[in-house]
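In: Could you work out the structure for the sequence below:
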Amino acid sequence: MLGILLGLIVLMGLAYLGWSILWVAPIAAGVVAITGGLDLLDAYTDTYMGGFVDFAKAWFPVFMLGAIFGKLMEDTGMARSVAIALTKIIGTKRAILGVIVSAAVLTYGGVSLFVVVFAIYPLALTLFKEANISRKLIPGTVALGAFTFTMTALPGTPQIQNLIPMEYFKTTATAAPIMGIIATLVMAVGGYIYLIWREKVMRKNGEVYTEPKETVKVDDSVPPNFLLSLLPLLAVLITLNLFKWDIILALLTGIILIMLLNIHKFKKFVKAINGGAVGSVTAIINTSAAVGFGTVVKVVPGFDKLTELLLGIKGNPLISEAVAVNILAGATGSASGGMGIALEALGSKYYELALETGIPPEAFHRVASLASGGLDTLPHNGAVLTLLTITGMSHRDSYKDIFVVAVLLPILSVIVAILFSTIGIY
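Out: A predicted model of the protein is given here:
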């Protein structure tokens, strides 16, 4: 147990300092292996790499196709088209709501969080300038739309954080829909109310829009038709959730549709596909590295004690699952990585508990997904760092808002969802 704890401290500490989890995870796994009495070389070449390769084998196509889908949406202008149309419908008077809805629609349609940040920021600048709202609120607003309810809560979302639990609990992407919708309301409504309150407070204190130091390049080309741009997003959602197609086929459908609808831009396809494919490699390797750490933890003697400790948390077993996933997501700074470690180590135990207790496996799926989106968004999270870099803000400027909408509210949503599960609402 002490070795596992020490390994987690090493993992969290080095990740927080900005060291890549690609080599931090093996170091932390080595600490666990040595203190657990395992042969270090064997623990790395067999146990660690076994978990690493198994996860990559199962999920690489999804990571790659998802990244390609998002990059094609970005490079063809379809993502921008959707964002522009939605903000026009909502209006500049509701600039914050416009950014939230635009980011949410794109992520719920399958566009990756990182692509959404790049696509939404220039638009957010324009809206916030017209509404005279401080740029410090842009990171929190984008985070609410992209990093929260559409990533983990909305039933049927094709984001990887909602797909990983399917393998462990034999569920679908729409698992526990009522719990998901309740959690969505907590995050979306609560976050919007908070951001509106913050905007009023900042305005009262004289904090309004100021021009960024660096000129932001704005794409002023005519965007594709809004309705046509929506079709690939709808295609992914419909084929995944209504037709029950595998996520690989659903993403392929979306990709092919983007290319057919933008055939006149075929010269951009190769660059976009290459960019998406290359970008996906980093994401899948980082997550696989985290899962490899979980594989080593699972085979040391102290793991039985850890399992006993977590499963011994009194009350609903969904509570212990939420605690385990949240802590590990915080340790790795990654929602998919933390969930991967937790489910690789404890997924089979929770599935057995689901069968024994009568709590549907779908509830365990939804709680795992929701919990992954809480402590993952601590200051060292990669998406947070990217968001602050792109928007030109510092942690001091904007992290407080990100923390409220992407850490506190998601944790609250898990608690509320579990409370509803106790009265049989799933």
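In: Quick one: residues contacting Ser421.
Out: Ala176, Met179, Asn316, Leu318, Ile359, Ala363, Val367 (C-beta atoms under 8 Å, 6 or more residues apart in numbering). The C-beta positions use only the backbone N, C-alpha and C, and glycine is treated the same way.
In: three-state assignment of Leu154?
Out: Taken by DSSP: H, G, I helix; E, B strand; the rest coil, the conformation at Leu154 corresponds to coil.
In: separation between it and Gly145?
Out: Plainly put, Leu154 is 12 Å away from Gly145 if you go by C-beta to C-beta, to the nearest Å.
In: what do you get for Gln161?
Out: 15 Å.
In: quick one, which of the two is more surrounded?
Out: Gly145 (31 against 26; other C-beta atoms under 10 Å).
In: Flag the shaky bits of this structure, pLDDT-wise.
Out: In the predicted model of the chain, residues 215-218 satisfy pLDDT under 70.
In: Just give me the longest helix of it.
Out: helix 269-299 (DSSP state H).
In: got a list of what the residue most central in space within the chain touches?
Out: Nearest to the mean C-alpha position of the chain, by C-alpha atoms, centre = their mean, lies Met151 at 4.9 Å. For Met151, the contact set (C-beta under 8 Å, 6+ apart) comprises Thr107, Leu113, Thr157, Gln159, Gln161, Asn162, Ala335, Gly373.
In: how much distance is there from the helix or strand harbouring Ile164 to the middle of the chain?
Out: Taking DSSP states H and E as the definition, one finds Ile164 inside helix 160-169. Centroid separation for helix 160-169 versus its chain: 12 Å, with C-alpha atoms, centre = their mean, to the nearest Å.
In: Run the angle between the following helix or strand past it and helix 160-169 for me.
Out: Per DSSP H and E, the first helix or strand lying C-terminal to helix 160-169 is helix 177-204. Relative orientation of helix 177-204 versus helix 160-169 (axes from the mean of the first three to the mean of the last three C-alpha atoms, to 10 degrees): 160 degrees.
In: what sits up against the next helix or strand after helix 177-204?
Out: The helix or strand immediately downstream of helix 177-204 is helix 226-241, counting by DSSP H and E. Applying C-beta under 8 Å, 6+ apart, the contact partners of helix 226-241 are 69, 73, 77-79, 81-82, 84-85, 105-106, 108-111, 155-156, 158, 172-174, 223, 245, 247, 249-251, 253-255, 257-258, 261.
In: Quick check on those: which are buried?
Out: Applying a neighbour-count criterion of 16 or more other C-beta atoms under 10 Å, the buried members of the contacts of helix 226-241 are 69, 73, 77-79, 81-82, 84-85, 105-106, 108-111, 155-156, 158, 172-174, 223, 245, 247, 250-251, 253-255, 257-258, 261.
In: Out of those residues, list just those in helices.
Out: Those of these lying in helices (DSSP H): 69, 73, 78-79, 81-82, 84-85, 105-106, 108, 247, 250-251, 253-255, 257-258, 261.
In: just to revisit the earlier point, now do the buried residues in the longest helix of the chain.
Out: 269, 272-273, 275-276, 279-280, 283-299.
In: before we move on, the earlier item: between the helix holding Ile164 and helix 247-261, how many degrees?
Out: 150 degrees.
In: All further residue positions should be reported with the first residue as 114.
Out: Renumbered: residue one is now 114, and that last one reads helix 273-282.
In: Give the buried residues for helix 273-282.
Out: Buried, per 16+ other C-beta under 10 Å, within helix 273-282: Ile273, Gln274, Asn275, Leu276, Ile277, Pro278, Met279, Tyr281, Phe282.
In: now the fifth one, nearest residue through space, not along the chain?
Out: Spatially, and ignoring its direct neighbours in sequence, Ile277 is nearest to Met452 (5.7 Å; C-beta to C-beta, 6 or more residues apart in numbering).
In: for that neighbour, helix, strand, or coil?
Out: Taking three-state DSSP, the label given to Met452 is helix.
In: Could you pull up the contacting residues of it?
Out: Gln274, Ile277, Pro278, Val438, Leu441, Ala442, Ala481, Ser482, Ala484, Ser485.
In: roughly how far apart are it and Tyr539?
Out: 19 Å.
In: One more: Met114?
Out: For Met114, the distance to Tyr539 - C-beta to C-beta - is 33 Å.
In: Kindly report the same for Thr189.
Out: Distance from Thr189 to Tyr539, by C-beta to C-beta: 39 Å.
In: which one of these two has more residues nearby?
Out: Shown here are Thr189 and Tyr539; by other C-beta under 10 Å, Thr189 has more neighbours (23 against 16).
In: After the longest helix of the chain, which helix or strand is next?
Out: Sequence order places helix 415-424 as the next helix or strand after helix 382-412, per DSSP H and E.
In: Give the buried residues for that next one.
Out: Gly415, Phe416, Leu419, Thr420, Leu423, Leu424.
In: Kindly indicate which of those residues lies nearest Met315.
Out: Leu423 (41.4 Å; C-beta to C-beta).
In: Spatially nearest residue to that closest one, not counting backbone neighbours?
Out: Ser433 (4.7 Å).
In: State the distance from that neighbour to Leu456.
Out: Taking C-beta to C-beta, one finds Ser433 at 13 Å from Leu456.
In: For these two, work out which one has more neighbours and name it.
Out: Remark: of Ser433 and Leu456, Leu456 carries more neighbours, 28 against 22, as counted by other C-beta under 10 Å.
In: tell me the contacts of Ala402?
Out: Applying C-beta under 8 Å, 6+ apart, the residues near Ala402 are Ile134, Leu135, Trp136, Val137, Ala138, Pro139, Phe165, Gly450.
In: Point out the ones among those residues that are inside helices.
Out: Per DSSP H, those map to helices at Ile134, Leu135, Trp136, Val137, Ala138, Pro139, Phe165, Gly450.
In: Now neighbour count too, for the residues you listed, in a markdown table please.
Out: Output for the ones in helices among the contacts of Ala402, formatted as a markdown table (neighbours: other C-beta atoms under 10 Å):
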| residue | neighbour count |
| --- | --- |
| Ile134 | 24 |
| Leu135 | 13 |
| Trp136 | 11 |
| Val137 | 23 |
| Ala138 | 30 |
| Pro139 | 20 |
| Phe165 | 23 |
| Gly450 | 29 |
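In: Now distance to Thr323 too, for the residues you listed, in CSV please.
Out: As requested, the ones in helices among the contacts of Ala402 are exported to CSV (distance: C-beta to C-beta, whole Å):
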residue, distance to Thr323
Ile134, 36
Leu135, 38
Trp136, 40
Val137, 38
Ala138, 41
Pro139, 45
Phe165, 46
Gly450, 36
